[in-house]
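Asker: Take a look and give me a structure for this.
(chains A and B)
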Amino acid sequence: MPKPANALVVCNGEQPWVRAYRCPDCGATATVETLACRRCFSRKPQEAFQASTNGTLYTWSVVERSYPGVAVPFVSAIIDLDDGLVLKGNLRTDDAASLKMGAAVELVFDDANGARDEDGEGYVGYHFELVEKANTTGERA
Amino acid sequence: MTDVFVMGAGMIPFGRYPDHKPAQLGSQAALQALDDAGLSIKDVNIVYTGCVFNAQSMMGQKVLQEIGQTGVPCINVSNACSSGATAVREAFVGIKSGLYDVALAIGVEKNPSGMLPVAPSDDLPAEGLFGSDSMPAVFAECGVVHTSRYGTTLEQYAKVAVKNRRHGALNPKARYQSEVSLEEVLQSPMIAWPLTKLMCSANVDGAAAVVLVSERKAKELGLSRAVKIRGSALVSDPWEQRNPVMFDPNTVTRMAAKQAFKMAGLGPEDLDFVELHDCFSTAEILHYENLGLCGEGEAAGLIDRGETALGGRIPVNASGGLLSKGHPIGATGVANIVELVEQIRGEAGKRQVEGARIGLAHVLGFGTSCAVHILEKA
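Answerer: Residues are numbered from 1 along each chain as shown, chains lettered A, B, ... in the order given. Predicted coordinates for the structure are as follows:
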């Protein structure tokens, strides 16, 4: 069975999802569970939730040079999800020059570029894609 | 509480020192600073040493093993790129406390080569799979926010590198002492759009040191070359929605600047010059606004009009900045203080800022920490 490609991905045989945490007192969201809420310091256990797969592009960079062995170029992007969670990820696009802050994106699960562990098992990762406009009214697909 | 003065400042030329251990570099800077102050290691009551890549090795004690083991307290700090400034800040606090009259603050580093490494992880390597954690990409993303909001162009970011390299050409201790043209900056290899290679600071080795003293000690030594620390602030990142998924250089800088200005009883309009953390040219643009050198969205205009160049309204990084000097991580924050001292004393040679009386030094460490110091002629 494929393994999560990072600590956020949950894949237990069903549709994969991204797990995040929310403070029951102030509603602050985070990708990790902490001993107390970072924002309001509440020690109530944070609630795990399934992150939205829709969001908008906040900022990005087209990475042309990276660490040895990392394939370039790729677009590194910061995404504001509709539920308040913020994720970093690759944004797959054929037209990086036309990217705009606020563009609608969706989170798409993938096979982590075909990565395999030492036993030959695959991974489940994710990336972002621009949401194409369905028609001239601007309605989202 | 006593005022705190910088009495001595020292810095070795930044570059590569394959035949030296880090502590030997720190020792050279420490002896320069002590000689400059007219003091001996025997006069020092406490030592603070900032270092990152060599921080696990009791760097301060190793320096004392080179220049004299007097048995004084020795505190080693590691705070990413703000490590050196943190050492200065703690020395300031130590003198302010009244416990010490003379404190030695040292920053030292031998940087690894290549793109600086990120922390190891048990997961599949995230780089290139879940965006980039490389520092050029992170600062590119910070710059693109400014570009999206205000239309700041790649050419304007490039002009920062042109300006700072022009300044660096006047600094005999800078790693790069040559000017570059706008075309050269734009045509150098793209690292992470909109940052080309010449818009990224270089990995170098380096060391810098300052001697801080109490008012009593300063008067005993003579105030003619003393420089007073008017403001000192050190902050960590508060909660923000995007942090730490996206590091934020802005909020901590604004917080630290506000605190330092308040302590000094001064505002941005009182500054004669600034040394800020231009690890990447996008950062310098952001910090013009973060430090209050201009209004929101006006930073690119400053670089276009030459207001932050030597001879301009508010010269920024007259030393050449990190883009010229290089960025020996743990030493950088102390080196910025050394530059302030040399400028305020009128000893900065060809890069001297006319009428430099009050200067601000800013350093940012991602993860996140920010230090701002404001110095004035005593």
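Asker: what ranges of chain A fall below the confidence cut-off?
Answerer: Scanning chain A for pLDDT under 70 picks out A:133-141.
Asker: any idea how far residue B:153 is from the most centrally placed residue in it?
Answerer: Residue closest to the average C-alpha location in chain A (C-alpha atoms, centre = their mean): residue A:87, at 4.6 Å. Taking C-beta to C-beta, to the nearest Å as the criterion, residue A:87 is separated from residue B:153 by 28 Å. The C-beta positions use only the backbone N, C-alpha and C, and glycine is treated the same way.
Asker: What segments of chain A are helices?
Answerer: With DSSP state H, there are no helices along chain A.
Asker: ok, longest strand in it?
Answerer: strand A:54-63 (DSSP state E).
Asker: Name the residues of that strand that come out as buried.
Answerer: A:55, A:57-63 (16 or more other C-beta atoms under 10 Å in any protein chain shown).
Asker: So which bits of chain B are right by chain A?
Answerer: Residues of chain B found near chain A (C-beta under 8 Å from any C-beta of the partner chain) are B:115, B:117, B:123-132, B:134, B:136-137, B:140-142, B:144-145, B:148-149, B:189-195, B:239, B:241-242, B:245-246.
Asker: Filter these down to the buried ones, ChimeraX style.
Answerer: Filtering the residues of chain B next to chain A down to the buried ones (16+ other C-beta under 10 Å) takes a single ChimeraX command:
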select /B:115,124,125,126,127,128,129,130,131,132,134,136,137,140,141,142,144,145,148,190,191,192,193,194,195,241,242,245,246
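Asker: Just the ones in strands from the residues of chain B next to chain A, please.
Answerer: Among the residues of chain B next to chain A, the members found in strands (DSSP E) are B:190-192, B:195.
Asker: coming back round to it: which other helices and strands contact the longest strand of chain A?
Answerer: strand A:74-81, strand A:86-92, strand A:104-110, strand A:123-130, helix B:135-150, strand B:190-192 (3 or more C-beta pairs under 8 Å, 6 or more residues apart in numbering or on different chains; DSSP states H and E).
Asker: Just the angle for the longest one relative to strand A:54-63, thanks.
Answerer: Comparing the axes of helix B:135-150 and strand A:54-63 via axes from the mean of the first three to the mean of the last three C-alpha atoms, to 10 degrees yields an angle of 120 degrees.
Asker: if we can go back for a sec, could you dump the buried residues of strand A:54-63 into CSV and include distance to residue B:82?
Answerer: As requested, the buried residues of strand A:54-63 are exported to CSV (distance: C-beta to C-beta, whole Å):
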residue, distance to residue B:82
A:55, 32
A:57, 30
A:58, 25
A:59, 23
A:60, 27
A:61, 23
A:62, 29
A:63, 25
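Asker: Give me the nearest residue to the residue in the stretch 251-378 of chain B that chain A sits nearest to, chain neighbours excluded.
Answerer: Closest to chain A within the stretch 251-378 of chain B is residue B:282: 9.8 Å, counting by C-beta to the nearest C-beta. Computed as C-beta to C-beta, 6 or more residues apart in numbering or on different chains, the closest residue to residue B:282 that is not its neighbour in sequence is residue B:143, at 2.8 Å.
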